[in-house]
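Visitor: Got a predicted structure here, sequence first:
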Amino acid sequence: MPADHASALCATSESVDSATVIVITGLLDRTTYLGLRDIIIKAALEVPRAVVVDISALAVPAESAYAVFTSARWHVNEWPEVPILLVCAHGEGRQAIVRNGVARYVPVYSTCSEAIGALGNEAKHRLRRRARIDLLADRCSVGQARNFVSDCLTQWGHTELITIAGVIATVFVENVLAHTQSAPSLRLESDGSAVTVAVEDSSSLPPERREDPRRGADTVSGLSIVTAMCRVWGTAPTSTGKTVWAVIGPENEL
């Protein structure tokens with residue numbers, strides 16, 4: 001497979017027709033697998049039209065490593081629902097991707113233009129409102145997060161979801177303050193009907209539903225509350241930590 005067998009990956013990106021195109025060079029193996037996955041996920045979390053990954057110059061000695069693209073797609077499948085597409089200029093690589101079942105979830109094309117052309121107009125014109133605030137690693141951030149949610153959803157015409165979005169933001173921010181050493185970053189998104197609440201931190205430890213035995217069996221963990229209140233929630237690893245997110249819609253209104 002044509003590629004430079006470097007020991008590390010190199011990724012360069014640019015915006016093409018509202019999509020993020022990432023060109024990957026180097027070697028894909030067990031030492032670079034997670035790094036490549038997180039590069040793709042981080043790009044998707046910025047909610048471009050699509051993430052197009054050009055692997056024409058990527059060396060992949062073990063075909064099983066192509067599963068990294070399926071893994072990345074799985075992490076962004078529910079949110080932010082950004083398509084991931086592969087570009088491989090040589091037939092050998094495309095055949096390997098198809099042979100390993102990756103193309104069933106992440107389509108592969110021979111050129112970047114072909115990949116972007118396959119997107120059509122639907123993804124290009126999907127309207128998303130987005131807002132973000134970087135908070136301090138301090139208890140005052142909980143109140144600031146709730147105020148931010150209220151202000152944004154009022155402006156976006158989603159006043160009916162302010163209460164539930166505020167509860168979810170509170171849980172996520174409190175978890176960051178209680179279980180990590182990082183400052184949370186809160187992001188809100190709306191596609192017109194559903195609202196996503198997402199909080200990023202610098203810890204790679206996955207979120208867990210924990211109960212406190214010292215406070216009795218009647219005390220429910222914050223993530224249990226989120227599970228009951230939202231349409232779906234999950235976590236996406238990033239190169240600097242993780243993002244925990246939840247999607248709410250009209251059916252979740254309190």
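Guide: Arrived safely, thanks for sending.

Visitor: just the strands in the stretch 151-254 of the chain please.
Guide: Using DSSP state E, counting those that start in this stretch, the strands of the stretch 151-254 of the chain run over 185-190, 195-201, 232-238, 241-248.

Visitor: angle of the shortest one against strand 241-248?
Guide: Using axes from the mean of the first three to the mean of the last three Cα atoms, to 10 degrees, the interaxial angle of strand 185-190 with respect to strand 241-248 works out to 30 degrees.

Visitor: Give me the distance from strand 185-190 to the chain's centre.
Guide: Centroid separation between strand 185-190 and its chain, computed with Cα atoms, centre = their mean, to the nearest Å, is 12 Å.

Visitor: for that strand, packing partners?
Guide: Contact analysis of strand 185-190 by 3 or more Cβ pairs under 8 Å, 6 or more residues apart in numbering; DSSP states H and E lists strand 129-134, helix 140-155, helix 162-179, strand 195-201 as its packing neighbours. C-beta here means a position set from N, CA and C on the backbone, and glycine is covered the same way.

Visitor: repeat for the second one
Guide: Applying 3+ Cβ pairs under 8 Å, 6+ apart, one finds that strand 195-201 contacts helix 162-179, strand 185-190, strand 241-248.

Visitor: Listing partners with orientation, what would you give for the last one?
Guide: When you say that, I think you mean strand 241-248. Applying DSSP bridges to the sheet, strand 241-248 is found paired with strand 195-201 (antiparallel), strand 232-238 (antiparallel).

Visitor: Most tightly packed of those?
Guide: strand 195-201 (a mean of 26; mean count of other Cβ atoms under 10 Å).

Visitor: For that strand, C-alpha coordinates in CSV please.
Guide: The C-alpha trace of strand 195-201 is given here as CSV (Å, rounded to 0.1, in the frame of the first residue of the first chain):
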residue,chain,number,x,y,z
VAL,A,195,-31.7,20.5,21.6
THR,A,196,-28.3,19.1,22.6
VAL,A,197,-26.5,19.8,25.8
ALA,A,198,-22.8,18.9,25.7
VAL,A,199,-20.0,19.5,28.3
GLU,A,200,-16.4,19.0,27.5
ASP,A,201,-13.6,18.3,30.0
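
Visitor: for that strand, what is the average pLDDT?
Guide: For strand 195-201, the mean per-residue pLDDT is 97.
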